[in-house]
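Colleague: give me the fold of what follows.
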Amino acid sequence: MSRILPLSPRDLNAVRHRAEHAPDGASRDLARRALADHAFAVASGRALARARPRPAFRTSRPSPLGPNRTGFLVGALALLGFLFVATVLWAHVTDVAETMRQQASAMRGM
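Modeller: Numbers count the residues shown, from 1 in each chain. Alright, predicted model coming up:
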């Protein structure tokens with residue numbers, strides 16, 4: 001049995017089995033001491049010797065242009081969209097005003 005504490009789940013099951021079913025008292029005492037050491041290691045928060053960090057999953061991929069350029073591009077697209085809508089509205093208003101002027105001048109000539 002390895003002395004790396006806290007015990008792995010497989011080693012912990014083996015030690016518990018030995019603590020209950022060992023043929024002689026010395027083996028049972030040794031297994032009970034290992035269980036006590038394991039409980040102390042868990043309670044004291046000692047890090048596992050074989051522990052590996054959990055894999056970190058990124059929620060989104062970083063922009064290939066960088067974080068600063070992404071905001072700039074979004075702002076530039078919003079500005080271009082606003083300018084497009086303003087230009088279309090200006091053209092429509094100008095066209096309507098010209099049509100109204102023509103109708104007014106035609107009505108004056110009647």
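
Colleague: where are the low-confidence patches of the chain?
Modeller: Counting by pLDDT under 70, the chain contains low-confidence ranges at 1-5, 45-54, 58-59, 63, 65-67.

Colleague: and it, what are its domains?
Modeller: Domains of the chain are assigned by automatic domain parsing as 9-44, 65-110.

Colleague: any chance of CSV for those, columns distance to residue 55 and mean neighbour count?
Modeller: For the C-beta atoms, the positions are set from N, CA and C on the backbone; glycine is no exception. CSV is the format used below for those (distance: least, Cβ to Cβ, whole Å; neighbours: other Cβ atoms under 10 Å):
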stretch, distance to residue 55, mean neighbour count
domain 9-44, 20, 13
domain 65-110, 23, 10
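
Colleague: how about those in JSON lines, adding distance to residue 57?
Modeller: As requested, these are exported to JSON lines (distance: least, Cβ to Cβ, whole Å):
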{"stretch": "domain 9-44", "distance to residue 57": "25"}
{"stretch": "domain 65-110", "distance to residue 57": "19"}
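
Colleague: tell me which of those domains lies nearest to residue 56.
Modeller: domain 65-110 (18.3 Å; Cβ to Cβ).

Colleague: now the helices for this protein?
Modeller: 9-21, 25-44, 67-108 (DSSP state H).

Colleague: quick one: the ones you listed as TSV, columns for distance to residue 61 too.
Modeller: Formatted as TSV, those follow (distance: least, Cβ to Cβ, whole Å):
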stretch	distance to residue 61
helix 9-21	36
helix 25-44	38
helix 67-108	11
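
Colleague: for residue 60, which of these is the nearest?
Modeller: helix 67-108 (11.1 Å).

Colleague: check which helices and strands that closest one sits against.
Modeller: Applying 3 or more Cβ pairs under 8 Å, 6 or more residues apart in numbering; DSSP states H and E, we find helix 67-108 packed against no helix or strand.

Colleague: could you find the closest non-adjacent residue to residue 28?
Modeller: Nearest non-adjacent residue to residue 28, counting by Cβ to Cβ, 6 or more residues apart in numbering: residue 22, 4.4 Å away.
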